[in-house]
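In: here is my input; please provide its structure:
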Amino acid sequence: LSGGDEEFIMELLKVFSASVNSELKNLNEGLTQKDYLRIREIAHGIKPSFDMIENEKGKGICRLLDSAVDERDVPKLIEELNLEFANINKQLINDFPELNLK
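Out: Below is the predicted model:
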């Protein structure tokens, strides 16, 4: 996708971090409101972001949230997705301090 363009890759990582962070906040709000349709839509929307960085765990959790998963399992899945994103973001901060991620 990037054709080896380092600047393009850096921009994609910044967009990944900012957009997924924002959508995870929306996902948590959806959970608070027990809006399972919204949760499915958000998970469906961010699944390609995890796929783009080749993160199978995040992609798989999104796939589960996007399916007809038992509502009782949703809080745990959202917690796992938040933790996976936090781990990814921490690694991005460590590996690419020039991105100035938070």
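In: just give me the residue closest to the centre of this protein.
Out: Residue closest to the mean C-alpha point of the chain, counted by Cα atoms, centre = their mean, is Val20 at 4.4 Å.
In: that one sits in which helix or strand?
Out: According to DSSP states H and E, Val20 maps onto helix 6-32.
In: pLDDT weak spots in this protein?
Out: In the predicted model, the chain carries pLDDT under 70 at residues 1-3.
In: now the helices for it?
Out: For the chain, the helices defined by DSSP state H cover 6-32, 36-52, 56-65, 74-95.
In: quick check: angle from the first one to helix 36-52?
Out: In terms of direction (axes from the mean of the first three to the mean of the last three Cα atoms, to 10 degrees), helix 6-32 departs from helix 36-52 by 160 degrees.
In: equivalent analysis for the third one, please.
Out: What separates the directions of helix 56-65 and helix 36-52 is an angle of 160 degrees, with the same axes, to 10 degrees.
In: that older thread, just the helices of the chain: most buried one?
Out: Stretch with highest mean neighbour count among the helices of the chain: helix 56-65 (a mean of 19; mean count of other Cβ atoms under 10 Å). C-beta here means a position set from N, CA and C on the backbone, and glycine is covered the same way.
In: what does that one contact?
Out: The contact list for helix 56-65 (Cβ atoms under 8 Å, 6 or more residues apart in numbering) reads 39-40, 42-44, 46-47, 49-51, 73-74, 77-78, 80-81, 84-85, 88.
In: CA atoms of that helix as PDB?
Out: Extracted C-alpha coordinates of helix 56-65, given in PDB (Å, rounded to 0.1, in the frame of the first residue of the first chain):
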ATOM      1  CA  GLU A  56      -4.900 -10.000  14.000                       C
ATOM      2  CA  LYS A  57      -6.000  -9.700  17.600                       C
ATOM      3  CA  GLY A  58      -7.700  -6.300  17.200                       C
ATOM      4  CA  LYS A  59      -9.200  -7.300  13.900                       C
ATOM      5  CA  GLY A  60     -10.600 -10.500  15.400                       C
ATOM      6  CA  ILE A  61     -12.100  -8.700  18.400                       C
ATOM      7  CA  CYS A  62     -13.700  -6.200  16.000                       C
ATOM      8  CA  ARG A  63     -15.100  -9.100  13.900                       C
ATOM      9  CA  LEU A  64     -16.600 -10.600  17.100                       C
ATOM     10  CA  LEU A  65     -18.200  -7.300  18.100                       C
END
